[in-house]
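Chemist: Generate coordinates for the sequence data below:
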Amino acid sequence: MFSPLVRQRLLLAALLWFGSTGLLWTPILSPLDWLTLPGYYAISALLLDLAARFRARDVFALLTLAGIYGLLAAVFIHPATALIDMPRTLFTRALGAHALVGLIALVTFLRGRNSLLYLGGALLVGVAAGVWARWSPVELWGTAEPTPLITALSTFAVGVVVYLALSALAQQPDPPTDYRLSPLGWLIISVIGAALILFHAAQGRIDGVAAITSLVLVGFSTAILWFQKRVKGPMLLDRVPTQRLPGGLLPAVAFFVGVMTGCLLPRTDPDGISILVSLFAAYGVIWLPAVSIVLGWRSFARQARALKL
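Modeler: The predicted structure follows:
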């Protein structure tokens, strides 16, 4: 029904959606918010285009792509929560929480063979997601009671089933450079982006200064990808598995076991929510300067070698 390229974009879009709404337990403010779902597909297509166009090849490029996702998700999909209190939430939510779950989604999308490290990561992410889903509404949204256990578990179960279903249909385009958008594709995602901006503006959710600041950072992050581009050599998209099942079943089980564990953990002092909030903030503050410094040092070292300094 769909081409291999569209299937891969849908799979990554589903992972991004599950990360920003499921893992972060982002509240649905109104039924109209379901109209923002095409935004995930547009961002998915854009990320895959950037990864192919600039031959993203290492962990620093992966961090940059995840950061671009966090910023775009904040502007086009979740401005009411991710950009509500500038500049604090720019770092804790856009560059922090959404960028971090974007990194998790990209790692899952690029997953090759299973390993103990990958399975342990899936278990740990599940525990954190369970704790956050159970207790973050009390801490962040002011509800009197934590999320009902059955609600949290059923939501994550649906997410896992959707991931496995899309994984069964996913197929790697050949060659990976086919991930690049056509002129028509650029037009479509531009229209989707403009429509989402108008939608949030009509709801009174988006602030012009916050949106412009985020998009400037997107431009800066894209420049980072451009500066580290290589004409030849391996790239991240070469690692996209040609077959995801049954290999994807074990990580999915590990993740869901982690979710159940996290949901059943009692609150402590300091509790898991405080730890996760600190993690989001630290990630949001550190990753962009760290990537800039490392890539800048690489460029300086190459120039030094060329000039024999």
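Chemist: Which positions within the host helix or strand of residue 44 qualify as buried?
Modeler: Assessed by DSSP states H and E, residue 44 sits inside helix 37-53. For helix 37-53, a neighbour-count test (16 or more other C-beta atoms under 10 Å) marks 38-53 as buried. Where you see a C-beta, it was placed from the backbone N, CA and C, and this is true even at glycine.
Chemist: Please tell me how far that helix is from the chain's geometric centre.
Modeler: Put simply, helix 37-53 sits 11 Å off its chain's centre (C-alpha atoms, centre = their mean, to the nearest Å).
Chemist: C-terminal to it, what's the next element?
Modeler: Downstream of helix 37-53 (by DSSP H and E), the next one is helix 59-76.
Chemist: can you state the direction angle for that next one and helix 37-53?
Modeler: 150 degrees (axes from the mean of the first three to the mean of the last three C-alpha atoms, to 10 degrees).
Chemist: So what's the gap between helix 59-76 and the chain middle?
Modeler: With C-alpha atoms, centre = their mean, you get 7 Å for helix 59-76.
Chemist: Which secondary structure elements does that helix sit against?
Modeler: In terms of contacts (3 or more C-beta pairs under 8 Å, 6 or more residues apart in numbering; DSSP states H and E), helix 59-76 is packed against helix 37-53, helix 99-110, helix 183-202, helix 208-227, helix 272-307.
Chemist: Dump the C-alpha coordinates for it into CSV.
Modeler: Taking Å, rounded to 0.1, in the frame of the first residue of the first chain, the C-alpha atoms of helix 59-76 are listed here in CSV:
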residue,chain,number,x,y,z
VAL,A,59,26.8,10.3,17.9
PHE,A,60,27.2,14.0,17.6
ALA,A,61,25.1,14.2,14.4
LEU,A,62,22.5,12.0,16.2
LEU,A,63,22.4,14.4,19.1
THR,A,64,22.0,17.3,16.7
LEU,A,65,19.1,15.6,14.8
ALA,A,66,17.4,14.8,18.1
GLY,A,67,17.8,18.4,19.2
ILE,A,68,16.3,19.6,15.9
TYR,A,69,13.3,17.3,16.6
GLY,A,70,12.9,18.7,20.1
LEU,A,71,12.8,22.3,18.8
LEU,A,72,10.5,21.6,15.9
ALA,A,73,8.1,19.5,18.2
ALA,A,74,8.0,22.4,20.6
VAL,A,75,7.1,25.0,17.9
PHE,A,76,4.7,23.0,15.7
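Chemist: Of all the helices and strands packed on helix 59-76, which one is nearest residue 157?
Modeler: Nearest to residue 157, of all the helices and strands packed on helix 59-76, is helix 99-110, at 16.9 Å by C-beta to C-beta.
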